[in-house]
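# Just need the structure, nothing else, for what follows:
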Amino acid sequence: MATKTKKVGSAGRLRVGYGKKLREKIRDVEKLQKNKQKCPYCKKEGIKRISNGIWLCKKCDKKFSSNSYCVGEK
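Here you go, the predicted model:
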């Protein structure tokens, strides 16, 4: 039995009813969001997304706001 998430990755949980284009967009956003992010203050990779647009650096313990899915990009 083949896996259902080979092409769409983490968006495989959405099944057929959502459509291919929507699942691909969700996959791209989640992939961007899960990447390691650099802190704008200490320049180390240790950022954790707390909620929509609020980020916390584990290294320097700074809490700041930025974009929803990635820090300082798009």
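# residues contacting the most centrally placed residue in the chain?
When Cα atoms, centre = their mean is applied to the chain, the residue found nearest the centroid is Q33 (1.3 Å). Neighbour list for Q33: 49, 69-70 [criterion: Cβ atoms under 8 Å, 6 or more residues apart in numbering]. Every residue, glycine included, has its C-beta placed from N, CA and C.
# Just give me the closest of those residues to D28.
Y69 (9.7 Å; Cβ to Cβ).
# show me where the protein has helices.
If DSSP state H is used as the criterion, the helices of the chain fall at 20-34.
# Could you check how far the residue nearest to the centre of the chain is from Y69?
Computed with Cβ to Cβ, to the nearest Å, the distance linking Q33 and Y69 is 4 Å.
# which of the contacts of Q33 tops the neighbour count?
Y69 (19 neighbours; other Cβ atoms under 10 Å).
# is it true that it touches I26?
No. Counting by Cβ atoms under 8 Å, no contact exists between Y69 and I26, whose distance comes to 11.1 Å.
# Point out where the protein drops to low pLDDT.
Where the chain drops to pLDDT under 70, the residues are 1-6, 73-74.
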